[in-house]
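Enquirer: Attaching a predicted model along with its sequence, questions to come.
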Amino acid sequence: MEKISRRQFLGMSTTMAAGTLFTGTFAPTATSFFGLGGVAEAATKKVSPFTFAILTDAHLYDIADHKFDAFLAKGVADINAMNPLPDFVLYAGDIGQSGKDSELKKGKSILDKLKMKYTVIPGEHDWYLDMGKAWRGYFGDDHWSFDHKGVHFIGMNSILVPDFWTMAGLTPLERMGRMEELECHKCGAWGVGSQQLEWLAKDVKNVSPDTPVVVLTHSPLWDYYPRWNFQTSDAPEIRSILRKFDKVIAIHGHVHQVIYNKLGNISSAGLLSTSWPWPYPPVELPYPTIKMNRVDPGNFEDGLGSHAVALSQDFDGILNYREFAHLLPDNVRRGLKL
Amino acid sequence: MKLAKYSLIVGVAATAVLAGVAQAKDPRTAAQADDEWNYLMAAVEKGDGLWHNGKLGSNGLACGNCHPDGSATNPHTWPKYQTNLGKVGTLRDMINWCITVGRGSCV
């Protein structure tokens, strides 16, 4: 009998599960069933097909020649070697680990080696030492929008928590330390906040519903696992503002893993980091699951990667996880339909 | 009659409460109890620090980076053969490997 590795076996079982998965994915969701979400498949405006790349979660340390520097550089080199080159690169937050100027500066110097323009949003690790001061100095606005070849791109800062530090008398360093813990229970649930909600409503007010929209946030726009802030507290408001569009592709960092969900008109996908992978939440969750395999702790590149998203004329998106090692089951490796 | 029945219930209840109090009496003095609590909480704080502050390893990473809530440590599965150890190891072996060779080190 031919020997089969554990990983091959996992790959096979996920491939076999794919049939069920896609049925589940494209079946009407509860919200669309009740007419709250799913807009009928209308003809969206035509896109002039193109590809963009994404990197996220480098978590750079203020230590010279740290291995995470090399992993981010590897992601940059991978994107620079794509043929054809992507039109631009998005970065989904957490360039630094502890929000230090030196970390962000190092990150910028590595990202500056990209051959094409890149646009960044912040993660919590970039922010809570000086409340985004250094980050803004290097990368500008924490929320933005632009149009490219018929697609409206939106980026938002989704990691804003209510003040938990003043009453507790925490120093900026202590505040940052708390926020660095994924399971920090004293920090609370984060979101984009009322100002960005107003900005978003205004931003899309005059954008016609048949416009293809891509939205980038650090955290998912749905309640995946709030205990680890795998959520955005005002995601329901964001989804409500974006509901008028025929189709929205939402992409997020923060989770360091392959994850996908569809909510009405929104396809949501998570990204691999260039630092360390996270396990799936240690509880049974009822969501559609497209999963990466368990990580080999002996291979530091396992679970890391860069990404490319190809958009077709009809705004069909394919997300390619460009893994550094061999983490993905075949169905995910072929690309995730967005 | 009704009064007698009522006082019986009150009497039984009172006895139960007194017995309970006698049973729950802390054998420690208040100072001893404080000591125990303070030592315990100091240990909890030290453990939380070691888990999160990255001082166990040499490259800034902490156990908590990759194992939020202790996830993906699978303590119940050890001892077992682990590829990166190259032998049947214990959870303690794996933790030491993480700190000295694995993601917690500068390799």
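Expert: Yep, that arrived. Numbering: from 1, shown residues only, chains lettered A, B, ... in the order given.
Enquirer: only C-alpha atoms for contact and neighbour calcs from this point on.
Expert: OK.
Enquirer: Report the central residue of the chain.
Expert: I'll assume chain A. In chain A, the residue lying closest to the centroid (Cα atoms, centre = their mean) is A:His252, at 1.8 Å.
Enquirer: you looked at the wrong chain, it should be chain B
Expert: Note: chain B centre (Cα atoms, centre = their mean) maps to B:Val44, 7.6 Å.
Enquirer: how close does A:Ile259 get to A:Asp142?
Expert: Applying Cα to Cα, to the nearest Å, the value for A:Ile259 to A:Asp142 is 24 Å.
Enquirer: higher neighbour count, these two?
Expert: Set side by side, A:Ile259 and A:Asp142 show more neighbours around A:Ile259, with 22 against 18, by other Cα atoms under 10 Å in any protein chain shown.
Enquirer: from memory the more buried one sits against A:Lys291, does it?
Expert: Yes - A:Ile259 is within contact range of A:Lys291, at 6.4 Å (criterion: Cα atoms under 8 Å).
Enquirer: Show me where chain B dips below the pLDDT cut-off.
Expert: For chain B, the stretches with pLDDT under 70 are B:1-23, B:106-107.
Enquirer: For it, which residues are neighbours of chain A?
Expert: B:52, B:59-60, B:64-69, B:71-72, B:83-84, B:102-103, B:106-107 (Cα under 8 Å from any Cα of the partner chain).
Enquirer: what about 10 Å?
Expert: B:52-53, B:59-62, B:64-73, B:82-85, B:94, B:97-98, B:101-103, B:105-107 (Cα under 10 Å from any Cα of the partner chain).
Enquirer: Just the buried ones from those residues?
Expert: B:52-53, B:59-62, B:64-69, B:72-73, B:82, B:94, B:97-98, B:101-103, B:105-106 (16 or more other Cα atoms under 10 Å in any protein chain shown).
Enquirer: follow-up on the earlier one: now list whatever residues contact both of A:Ile259 and A:Lys291.
Expert: A:Tyr280 (Cα atoms under 10 Å, 6 or more residues apart in numbering or on different chains).
Enquirer: hang on, A:Asp246 packs against A:Asp210?
Expert: Yes - the pair A:Asp246 / A:Asp210 is scored as a contact, 5.6 Å apart, by Cα atoms under 10 Å.
Enquirer: So for the two, which residue has more residues nearby?
Expert: Using other Cα under 10 Å as the criterion, A:Asp246 and A:Asp210 rank with A:Asp246 on top: 23 against 15.
Enquirer: Let me see the ranges of the helices in chain B.
Expert: Using DSSP state H, the helices of chain B run over residues B:2-23, B:30-52, B:63-66, B:91-100.
Enquirer: Excluding residues flanking it in the chain, which one is nearest A:Asp296?
Expert: For A:Asp296, ignoring the flanking residues on the chain, the nearest one in space by Cα to Cα, 6 or more residues apart in numbering or on different chains is A:Asp302 at 6.3 Å.
Enquirer: Who are the contact partners of the residue in chain B positioned nearest to chain A?
Expert: Taking Cα to the nearest Cα as the measure, the point where chain B comes nearest chain A is B:Asn84, at 5.1 Å. Residues counted as contacts of B:Asn84 (Cα under 10 Å, 6+ apart) are A:Asp296, A:Pro297, A:Gly298, A:Asn299, B:Met94, B:Trp97, B:Cys98, B:Val101, B:Gly102.
Enquirer: Now do the SS call for the second one.
Expert: Each residue gets one of three states, and A:Pro297 gets coil by DSSP: H, G, I helix; E, B strand; the rest coil.
Enquirer: separation between it and chain B?
Expert: 7 Å (Cα to the nearest Cα, to the nearest Å).
Enquirer: residue contacts, that residue?
Expert: A:Trp276, A:Pro277, A:Gly303, B:Gln82, B:Thr83, B:Asn84, B:Met94, B:Trp97, B:Cys98, B:Gly102, B:Arg103.
Enquirer: run the last query once more with 8 Å
Expert: For A:Pro297, the contacting residues are B:Asn84, B:Gly102, B:Arg103, by Cα atoms under 8 Å, 6 or more residues apart in numbering or on different chains.
Enquirer: burial measure for A:Asn331, as a count.
Expert: Neighbours of A:Asn331 (other Cα under 10 Å): 18.
Enquirer: quick one: what helix or strand has it in it?
Expert: helix A:330-333 (DSSP states H and E).
Enquirer: Need the contact partners of the following helix or strand past that helix.
Expert: Per DSSP H and E, helix A:330-333 leads on to strand A:336-337 as the next helix or strand towards the C-terminus. Contact with strand A:336-337 is made by A:Asp316, A:Gly317, A:Ile318, A:Leu319, A:Asn320, as judged by Cα under 8 Å, 6+ apart.
Enquirer: same question, stretch B:99-107
Expert: Counting by Cα under 8 Å, 6+ apart, A:66-67, A:297-298, A:300, B:54, B:56-63, B:98 sit against stretch B:99-107.
Enquirer: What would it look like as CSV? C-alpha coordinates only.
Expert: Output of stretch B:99-107 as CSV, limited to C-alpha atoms (Å, rounded to 0.1, in the frame of the first residue of the first chain):
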residue,chain,number,x,y,z
ILE,B,99,12.6,28.8,23.8
THR,B,100,16.1,27.7,22.8
VAL,B,101,15.7,26.5,19.2
GLY,B,102,12.2,27.4,18.0
ARG,B,103,10.4,30.7,17.3
GLY,B,104,11.5,32.0,20.7
SER,B,105,15.1,32.1,19.7
CYS,B,106,17.1,34.1,17.1
VAL,B,107,17.7,31.2,14.7
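Enquirer: A:Gly137: neighbour count?
Expert: For A:Gly137, using other Cα under 10 Å, the count is 12.
Enquirer: Any residues of the stretch 101-250 of chain A in contact with chain B? List them.
Expert: A:Glu181, A:Leu182, A:Glu183.
Enquirer: The first one contacts B:Cys63, doesn't it?
Expert: No - using Cα under 8 Å, A:Glu181 and B:Cys63 do not qualify as a contacting pair, with a distance of 10.6 Å.
Enquirer: beta partners for the closest residue to A:Phe153 other than its chain neighbours?
Expert: Excluding the flanking residues, the one nearest A:Phe153 by Cα to Cα, 6+ apart is A:Val214, at 4.9 Å. For A:Val214, the beta-bridge partners under DSSP bridges are A:Phe153, A:Ile249.
Enquirer: First-to-last residue distance for stretch A:110-117?
Expert: 13 Å.
Enquirer: can you list contacts of that stretch?
Expert: A:Asp69, A:Leu72, A:Ala73, A:Val76, A:Ala77, A:Ile79, A:Asn80, A:Pro86, A:Asp87, A:Phe88, A:Val89, A:Tyr118.
Enquirer: run the last query once more with 10 Å
Expert: Contacts for stretch A:110-117 (Cα under 10 Å, 6+ apart): A:52-53, A:55, A:69-70, A:72-81, A:85-91, A:95, A:104-106, A:118.
Enquirer: So what's the gap between that stretch and the chain middle?
Expert: 19 Å (Cα atoms, centre = their mean, to the nearest Å).
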